[in-house]
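>>> let me see the structure of the following:
(chains A and B)
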Amino acid sequence: MSTTIEVRGLRVVRGGREVLHGIDLDVEAGQVTGLLGPSGSGKTSLLRAVVGAQIVADGSVTVLGLPAGTATPRSRVGYQTQASSVYADLTVLENLDYFAAVLGASRSRVAEVVARVGLAELGSQLALSLSGGELARLSLAAALLNEPEILVLDEPTVGLDPVLRQELWGFFHELADAGTTLFVSSHVMDEADRCDALVLLREGCVLVTGTPESLRRRTGAADLDAAFLALIDEADEGKA
Amino acid sequence: MSTRRTRATALRVLRQLRHDPRTVALLLAVPCVLQILIHALFDSRPAVFQSLGVPLLGLFPFVAMFIVTSITMLRERVSGTLERLMTTPLGRGDLLVGYALAFAVVAAVQVTLVSVLSFGLLGLDSGHRAVFVVALAIANAVLGMSLGLFASAFARTEFQAVQFMPAFILPQILLCGLIVPRDEMAEWLRVVSAVMPLTYAYDALAQLALPAALSARFWADVAVVAGVTVLALGLGAATLRRRTP
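A predicted model of the protein is given here:
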């Protein structure tokens, strides 16, 4: 398996405070890699560094073999921010038409994507009249327009009902099966089990990486929640 | 820069406005109502209306586009759409020129409407130069837009952005020569007004209200307006960062 995102010694300072303290990380191609950790652990800063939106204090982020944020990765990476990041005063289709033009995607691709996320019926609805789940799917659709090789999603399921979350995770795996690399953050531990690989971030450091199975085996815990707590205890004891 | 991306941006901004008919109605109606008010106010002194009416034609779009652009751009920053756009191949020039095109179209409609009203019904006289007035008013709109884009970078909230109107624009209106001619101002006020772009926009418009042939000073004024617009767009581009803290 090949690495598509390579992070080395990444340090990020926000508001005068160091929020990432020298992260090393590899994200494998064609998998769903979950970035988990409590809020404030630095997940968004790490994802923003991967898409090249974050000012980096030190270290390197390589995406598809090139420095993050340069022109080539920009056209091959899809990014969904924590906010829906669509125009509330445009319709679903107007939003997607615009992002398609910006990303250089065809108009037929808009129809394809809008059907794919199940918004075909709502094409002429204003974004501000959509429900939270519909808005999340519109935001995801916009990130899918250019058929990105890497999809970076910042808490795409936050605030959504369990049915919709299940649906979205199913969709993420379909994309991964088709060869897309997904790097998805969440602060909900029960979503960890839906990922192929996990990165647990805590207080700006990578606590542990591995598959859900390997983490369970290593800690002897039945569920991932307990496994993470055991790992945190282990790390704290190491520090003391 | 890419024409497809620039055109798409202009179209997108216009579509956003189209979904906000109340704003469009206000943009078009308010200058007309104000012009009618001023006409009525100076009913007995048509010379005053003549000297105020032409410059005001150019000032309305300047003020309106400053406000509309600074709020639209601020929303773009706050809602996360700007961050999304900055992670795509869209260039900063595509975004800024797209905005400029869209608001120039709106300004053209606005100015045409007030001009038809002023020159047609209210008896304002600009001789054969009504076309110049319209062109200069559109240039003023783009100037207001570019200053609004730049100013929006310094606002964190819509409240702050709205306060930039009295902070950035009102002093320029007070000192541009519209209220007190510049040669009657205290020396330091004249110096301050000399560095304000609206002073030159006003000066050019005021010359259009006079029957005399256009002098080199008119074209120098126009050059300053164009130069400041390009400068403000450049400064605005510098505030659009792909990477932010």
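
>>> would you mind listing what in chain B touches chain A?
Residues of chain B that fall close to chain A, judged by CB under 8 Å from any CB of the partner chain: B:4-5, B:7-9, B:11-12, B:15-16, B:19-20, B:79-81, B:83-90, B:94, B:242-245. Placement of C-beta: from N, CA and C, glycine included.

>>> listing request: residues of the chain with sub-threshold pLDDT.
I'll assume chain A. When the per-residue scores of chain A are filtered using pLDDT under 70, the ranges that remain are A:1, A:239-240.

>>> switch to chain B, that's the one I care about
Filtered on pLDDT under 70, chain B yields the residue ranges B:127-128.

>>> from the residues of chain B next to chain A, which would you call buried?
B:5, B:8-9, B:11-12, B:15-16, B:19, B:79-81, B:83-90, B:94, B:242 (16 or more other CB atoms under 10 Å in any protein chain shown).

>>> residues contacting residue 199?
Picking chain A for this. When contacts are counted by CB atoms under 8 Å, 6 or more residues apart in numbering or on different chains, A:Val199 is found next to A:25, A:33-36, A:206, A:209.

>>> wrong one, I was asking about chain B
If you count contacts by CB under 8 Å, 6+ apart, then B:Thr199 has B:172, B:175-177, B:182, B:193 around it.

>>> looking at these, which is nearest chain A?
For chain A, the closest of the contacts of B:Thr199 turns out to be B:Gln172, at 29.7 Å, with distances computed as CB to the nearest CB.

>>> work out for me the element the closest one sits within.
When secondary structure is defined by DSSP states H and E, B:Gln172 falls within helix B:170-175.

>>> same deal with A:Arg109?
Secondary structure assignment for A:Arg109, by DSSP H and E: helix A:107-116.

>>> next helix or strand past that helix?
By DSSP H and E, the next helix or strand past helix A:107-116 is helix A:132-144.

>>> now that next one: buried residues?
Neighbour count says helix A:132-144 has A:133-144 buried, by 16+ other CB under 10 Å.

>>> ok, and what's touching it?
Residues lying outside helix A:132-144 but in contact with it, judged by CB under 8 Å, 6+ apart, are A:78-81, A:84-86, A:92, A:95-96, A:99, A:113-114, A:116-119, A:122, A:127, A:130, A:151, A:153, A:156-157, A:159-161, A:164, A:168, B:84.

>>> let's see it at 6 Å
Counting by CB atoms under 6 Å, 6 or more residues apart in numbering or on different chains, the neighbours of helix A:132-144 from elsewhere in the structure are A:78, A:80, A:84-86, A:92, A:99, A:113, A:117, A:119, A:159-160, A:164.

>>> could you pull out the helices for chain A?
Applying DSSP state H to chain A gives helices spanning A:43-51, A:71-76, A:92-103, A:107-116, A:132-144, A:162-177, A:212-219, A:224-239.

>>> buried stuff in stretch A:188-207?
Taking 16+ other CB under 10 Å as the basis for neighbour counts, the residues of stretch A:188-207 that come out buried are A:189, A:191-192, A:194-202, A:204, A:206-207.

>>> ok, stretch A:220-235 next?
Result for stretch A:220-235 [16+ other CB under 10 Å]: buried residues A:221, A:224, A:227-228, A:230-231, A:235.

>>> list phi and psi for B:Thr244.
For B:Thr244, the backbone dihedrals (degrees, to the nearest 10) come out as phi -130, psi 160.
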